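> need a 3D model of the following:
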Amino acid sequence: QVQLVESGGGLVQPGGSLRLSCAASGFSLDNYFIGWFRQAPGLEREGVSCTLSNDGSTSYADSVKGRFAISRDNAKNTTFLQMKSLKPEDTAVYYCATACWDPLGVDYWGQGTQVTVSS
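Numbering: from 1, shown residues only. Model prediction:
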């Protein structure tokens, strides 16, 4: 059974940092592109970052470039999203998925983890 479980969200002040984790089971992450998405209240789900399976290259939405870093630990079947210099507009539920950028292209979603940036 394919399963993705996100964790690491929470309440953080503007300028703070969080590291999100996404643990996969039922398949090997190293065979897939892995994307992080987020959805804020009233807005559509959007892609935030992507890491490719073949060469490990990464890409980011302009809104998070330079502040977020995606990585993966294939031995632990886990991917991470390190977030720093957080802004209130980063507040959203964050999801990992076995695809990048287009939510319609995702077959499996985790349950998400809430990130709230507020003073």
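> who's in contact with the longest strand along the chain?
Secondary structure of the chain per DSSP state E: the longest strand is strand 18-25. With contact meaning CB atoms under 8 Å, 6 or more residues apart in numbering, strand 18-25 is reached by 1-10, 12, 34, 36, 76-83, 86, 94, 96, 110, 113, 115. The C-beta positions use only the backbone N, C-alpha and C, and glycine is treated the same way.
> what about this protein, any weak spots by pLDDT?
54 (pLDDT under 70).
> what residue is smack in the middle of it?
residue 36 (2.9 Å; CA atoms, centre = their mean).
> please, where are all the strands along the protein?
So, for the chain - with DSSP E - the strands run 3-7, 10-12, 18-25, 34-39, 46-51, 58-60, 68-73, 78-83, 92-97, 113-117.
> helices and strands around the first one, which ones?
Meaning strand 3-7. In terms of contacts (3 or more CB pairs under 8 Å, 6 or more residues apart in numbering; DSSP states H and E), strand 3-7 is packed against strand 18-25, strand 92-97.
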